[in-house]
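Chemist: Quick one, structure for this:
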Amino acid sequence: MAANSLDRQLTQLEACRYSFGRREATRVVKLLKRLDAARFPDSSSLIRFHEALLFLRAFPQSPIVVRVTGRMFSSFYKKVEALRKGGADMDDFDTFEVSGIAGTQMEDTLSFDVANWLIKRMPNKVEIAWDNYEPGRELGTTGPRFIPLLEDDAHVEADTPWRRWLETAAGKKRVPAWMISRFEQLPLSAPQRAELYESLRVPLRWSLENSVISRTRNWKSVRSVFYHRIFYHTTPLISRSKVSLADELAKRPPQLTRLSRKQGEQVMDMIREVMLVRYRELYGTTLGDPQSVVQADVGRGVTIYLWNLPPDRRLPLRAYVAGLTLKNGVPINYIEAIGLCEWMEVGFNTFYTFRGGEAGWIYAQVLRCLCHRMGTTCVSVYPYQLGHDNEEAIESGAFWFYRKLGFRPGRADLQKLAEREEQKIAADAKYRTPARTLRLLASDHVFYELPGSEVGAWDKFSTRNVGLQVNRRMARDFDGDAVLMREHSKSALERILFPRNGVISTSSWTPLEKAAFENFALVLAPAPELHAWTREEKEDLVQIIRAKGKRDEMLYLHLMQRHGRLRRALLKLGS
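Modeler: As a prediction, the model looks like this:
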């Protein structure tokens, strides 16, 4: 097929993503079959075909579109291999936007937990990228834990052959698998093992071939644990302009169904697949608790999954929820929400391929689920999501996505700037906000308050401010000694919370409860107003602290929402 003819047909297929009806479905299938038979001369044209296929699989016009796209995906890796054998430049396949296509190769420096998971999922297929790895002092310091006599070379020689040492020690095993198994055997806690492994910064390389882990094939079929029915699009997609966030949040909350542990593990496997092939890792997608997964089917083929962190991996103060959205079984975005009391910061990232597909409506459904699950009435969006240090968000005008849904800047100067820009847009339909202005608008959080929320209460709050205050106190009063400050703060809070004639310590608590108590002591022990709390308020605080280590972290968050004095103390410390 001539290059201009191929380009024209790809353009037609891309346009068909937003055309609906029985005739359009027939047209789409004809285009797909023609393009499937075509010879692709370069990576850019094949990538365009792949992304259009993936969008159509998520937003199909008819059953035949689902069948045809599914069949094409099962053999798509052959097209990639044909390009490679033809000597084409393959670098385009490794960009952040389109990585993870079947038949390609990936390389990344992974966390211990993800590296461990990948090696077990793809045995004998993961290698160290030696051409991009030259260990040094870090391996010389860590390696002797599992490589006998390494220090006799590493500590005194300038030319230690690191690769030779590792391959010799590993024997017939592949080095990454052997290394991970050695780290798993170290008598350390899980966070300590992860910290030690990650200090080595080992780059791993693996070929996706036709793996279901690839972005091409990690969508799910009908009647899986993930969904049971496909939604076919016979009318135009819901545009952002037709979405009222207020109306959506006012609806009856979605039903959240808790999954079994086995089903939860399947969801955890899927989110790791989804993030791995997109060169992404989030704390909550790597370390999600499979026992905490809940599912909501919100209509139009959209299924939302939410989960928490396991008790031993939780944040010191905030409660954490992560999530994933599937559209007809296709992963289309990931979610992160972190909260205190009735406030949460939320991150919502729709993958590049699907940014023209009902993102506003789906975002509203995600917020419905999060607000119901977490008890949230004040929603905050990170500056990064708006474009701070994120040029892709600036190019897409992400600030206006949130603004048009009803979010407001937390700073008065940015609110005035947004209003001036809105006036310019209203006066001139061709006007576009300059990138420089968008960067200013993205320099701080934006907020959305549900009815009954105290408007502006969380505008200046940051848990970072709380942490920095604690560290200033450590430097000032304890000569920078964290252990001494923890012991002093713990004793001080015990004296305040427990009656002298009753239980006067936390000695009978679990290790996780004790850790939570120490973290709260760092924050609250210096607060003079704590002495004035009623006995009931102090007892409620004890219940909140102990709930931090319970099976369901949402109990902790919901108990916080009932404690007005704790809320006021946290707001004061963090503002």
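Chemist: can I get the CA coordinates of the lengthiest strand in the chain in PDB?
Modeler: Looking across the chain with DSSP state E, the single longest strand is strand 330-340. C-alpha atoms of strand 330-340 as PDB (Å, rounded to 0.1, in the frame of the first residue of the first chain):
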ATOM      1  CA  VAL A 330      -9.700  -2.100  28.700                       C
ATOM      2  CA  PRO A 331      -7.600  -0.100  31.300                       C
ATOM      3  CA  ILE A 332      -8.100   3.600  30.600                       C
ATOM      4  CA  ASN A 333      -6.800   5.400  33.700                       C
ATOM      5  CA  TYR A 334      -5.400   5.000  37.200                       C
ATOM      6  CA  ILE A 335      -6.400   6.800  40.400                       C
ATOM      7  CA  GLU A 336      -4.700   8.000  43.600                       C
ATOM      8  CA  ALA A 337      -6.500   9.700  46.500                       C
ATOM      9  CA  ILE A 338      -4.900  10.600  49.800                       C
ATOM     10  CA  GLY A 339      -7.000  12.100  52.600                       C
ATOM     11  CA  LEU A 340      -7.400  13.500  56.100                       C
END
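Chemist: For that strand, name the packing helices and strands.
Modeler: Strand 330-340 sits against helix 43-58, helix 261-276, strand 319-327, strand 343-350, helix 359-374, helix 553-560, with contacts defined as 3 or more CB pairs under 8 Å, 6 or more residues apart in numbering; DSSP states H and E. Using the backbone N, CA and C atoms, a C-beta is placed for each residue, glycine as well.
Chemist: what's the distance between it and the middle of its chain?
Modeler: 6 Å (CA atoms, centre = their mean, to the nearest Å).
Chemist: which one of the helices and strands packed on strand 330-340 lies closest to W130?
Modeler: helix 261-276 (20.9 Å; CB to CB).
Chemist: Give me the helices and strands touching the helix or strand that the closest one is followed by, please.
Modeler: Counting by DSSP states H and E, the next helix or strand C-terminal to helix 261-276 is helix 283-286. Packing partners of helix 283-286 (3+ CB pairs under 8 Å, 6+ apart): helix 261-276, strand 319-327.
Chemist: what does the longest one contact?
Modeler: Looking back up the chat, that one is helix 261-276. Helix 261-276 is contacted from outside by 100, 106, 108, 110, 114, 117-118, 121, 212-213, 218, 220, 225-226, 259, 281-282, 285-286, 288-293, 305, 307, 322, 324, 331, 334, using CB atoms under 8 Å, 6 or more residues apart in numbering.
Chemist: May I see the buried residues of that helix?
Modeler: Q263, G264, Q266, V267, M268, M270, I271, R272, E273, V274, M275, L276 (16 or more other CB atoms under 10 Å).
Chemist: what's the angle from the longest strand of the chain to helix 553-560?
Modeler: Angle, strand 330-340 to helix 553-560, by axes from the mean of the first three to the mean of the last three CA atoms, to 10 degrees: 40 degrees.
Chemist: Let the chain start at 23 from now.
Modeler: Happy to do that; since the first residue is 23 now, the last one works out to strand 352-362.
Chemist: strand partners of strand 352-362, parallel vs antiparallel please.
Modeler: Here strand 352-362 has these sheet partners by DSSP bridges: strand 341-349 (antiparallel), strand 365-372 (antiparallel).
Chemist: Out of these, which one sits most buried?
Modeler: Per-stretch averages of neighbours, counted by mean count of other CB atoms under 10 Å, single out strand 341-349 among the strands paired with strand 352-362, with a mean of 25.
Chemist: Do a quick rundown of the strands in this structure.
Modeler: Under the criterion DSSP E, the chain contains strands at 127-131, 148-150, 225-229, 279-280, 316-321, 324-330, 341-349, 352-362, 365-372, 400-403, 430-431, 468-471.
Chemist: for those, which one sits closest to K264?
Modeler: Using CB to CB, the nearest of these to K264 is strand 316-321, at 14.9 Å.
Chemist: And that closest one, what does it pack against?
Modeler: Short answer (3+ CB pairs under 8 Å, 6+ apart): strand 316-321 packs on strand 279-280, strand 324-330, helix 381-396.
Chemist: Mean neighbour count and distance to K570 added to these, as a markdown table?
Modeler: As requested, the helices and strands packed on strand 316-321 are exported to a markdown table (neighbours: other CB atoms under 10 Å; distance: least, CB to CB, whole Å):
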| stretch | mean neighbour count | distance to K570 |
| --- | --- | --- |
| strand 279-280 | 12 | 20 |
| strand 324-330 | 24 | 12 |
| helix 381-396 | 22 | 15 |
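Chemist: For N154, find the nearest of these.
Modeler: strand 324-330 (33.6 Å).
Chemist: Show me the beta-bridge partners of the nearest residue to N154 once chain neighbours are set aside.
Modeler: The shortest distance from N154 to any non-neighbouring residue, by CB to CB, 6 or more residues apart in numbering, is to P225 (5.0 Å). When bridges are called by DSSP bridges, P225 pairs up with T131.
Chemist: Output the strands of the chain as a markdown table; include the columns mean pLDDT.
Modeler: Output for the strands of the chain, formatted as a markdown table (pLDDT from 0 to 100):
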| stretch | mean pLDDT |
| --- | --- |
| strand 127-131 | 97 |
| strand 148-150 | 97 |
| strand 225-229 | 97 |
| strand 279-280 | 96 |
| strand 316-321 | 96 |
| strand 324-330 | 97 |
| strand 341-349 | 97 |
| strand 352-362 | 97 |
| strand 365-372 | 96 |
| strand 400-403 | 98 |
| strand 430-431 | 98 |
| strand 468-471 | 98 |
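Chemist: Turn those strands into CSV, columns for distance to P82.
Modeler: Shown next, in CSV, are these (distance: least, CB to CB, whole Å):
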stretch, distance to P82
strand 127-131, 28
strand 148-150, 34
strand 225-229, 30
strand 279-280, 25
strand 316-321, 16
strand 324-330, 14
strand 341-349, 10
strand 352-362, 10
strand 365-372, 18
strand 400-403, 31
strand 430-431, 37
strand 468-471, 32
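Chemist: Right, I'll call it a day here.
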